[in-house]
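Everything below, folded, please.
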Amino acid sequence: MAVLMVSGTGTEIGKTVVTSAVAAAAVAAGRSVAVLKPAQTGVGPTEPGDAAEAVRLAGPSVTALELARYPEPLAPDTAARRSGLPTVSPAAVAEAADRLAATHDLVLVEGAGGLLVRFDEEGHTLADAARLLDAPVLVVAPAALGTLNSTTLTTEALRARGLEPLGVVIGSWPAEPDLACRCNLADLPSSAGVPLLGAVPESSGGLAPAAFRTAAPGWLAPPLSGTWSASAFQTAWRP
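Here you go, the predicted structure:
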């Protein structure tokens, strides 16, 4: 797995923190890592974006690349149109990912919002870039009520496009999960038809970088270079 796409079921669900955790776990396992952000929205010209945040949390050995930046916090196509800046094509994303993969063991491509958010005037999405790269997609989902529907819709959309959903990571596991969160641990894999590959505790992005790097492998399953066990976690939080 040289390139892994990271998509969410929506926005503000912990996608960047999960990307950072996957990067940190891979670095801890001795792999070289790059994080590619095709389109960064809602960030000023001198502010750090999501790729820079991944470097801050996962470590300075991680390579960060951003292809486009738009000031307003909107879908990339809309933000580009309103700002008068060029959009990002799937071919440009694939070319950048391939270039990084030539010199890194793992390239993480973090999307914007959900899987089918438009990137350009033709309606292309992260899924189109994933198809060009023949890359699996990691789905980041919330824990709470409603996640079964949005996660299942996302994995169904991937399969309909001939793409492989690698699994699901819960982007922000609450310190005091309610009944729906605890039931979703068992229901997510069966509903979405993919394995549960991790649960990142809420507010993990606020940890000191050294503490984040130490903890990250314990939040993720072995396919993501971690030590986390879905069965043990589900047993611990059984409703």
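
which residues in the chain form helices?
All helices of the chain, identified by DSSP state H, fall at 15-28, 50-58, 76-83, 90-101, 126-133, 147-160, 179-192, 209-215, 230-236.

okay, those, which one's buried deepest?
helix 15-28 (a mean of 27; mean count of other CB atoms under 10 Å). All C-beta spots, glycine's among them, are computed from the backbone N, C-alpha and C.

Please find the angle between the direction vectors of it and helix 50-58.
50 degrees (axes from the mean of the first three to the mean of the last three CA atoms, to 10 degrees).

For helix 15-28, which outside residues touch it?
The set of residues external to helix 15-28 that reach it, using CB atoms under 8 Å, 6 or more residues apart in numbering, is 4, 6-8, 33, 35, 50, 53-54, 56-59, 61-62, 105-106, 108, 110-111, 138, 140, 169, 171-172, 198, 200, 204-205, 212-213, 216-217, 219-220, 224-226.

Apply 6 Å and report the result again.
6, 8, 33, 35, 50, 53-54, 57-59, 61-62, 106, 108, 110, 140, 169, 171, 200, 204-205, 213, 216-217, 219-220, 224-226 (CB atoms under 6 Å, 6 or more residues apart in numbering).

Same question for stretch 220-234.
22, 25-26, 29, 185-186, 196-198, 217-219.

how about the residues you listed in TSV, adding pLDDT?
Output for the contacts of stretch 220-234, formatted as TSV (pLDDT from 0 to 100):
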residue	pLDDT
22	98
25	98
26	98
29	98
185	96
186	94
196	98
197	98
198	98
217	98
218	98
219	98
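
Contacts only, for the closest residue to residue 169 other than its chain neighbours.
Leaving aside its chain neighbours, residue 169 sits nearest to residue 198 (4.1 Å; criterion: CB to CB, 6 or more residues apart in numbering). Going by CB under 6 Å, 6+ apart, residue 198 touches 169, 219-221, 228.

Where neighbours are concerned, which of these has the most?
residue 169 (30 neighbours; other CB atoms under 10 Å).

quick one: contacts for residue 163?
130, 137.

how far away is it from residue 189?
Using CB to CB, to the nearest Å, residue 163 is found at 18 Å from residue 189.

Over to residue 136?
16 Å.

How about residue 36?
28 Å.

how about low-confidence regions in this protein?
Counting by pLDDT under 70, the chain shows no low-confidence range.
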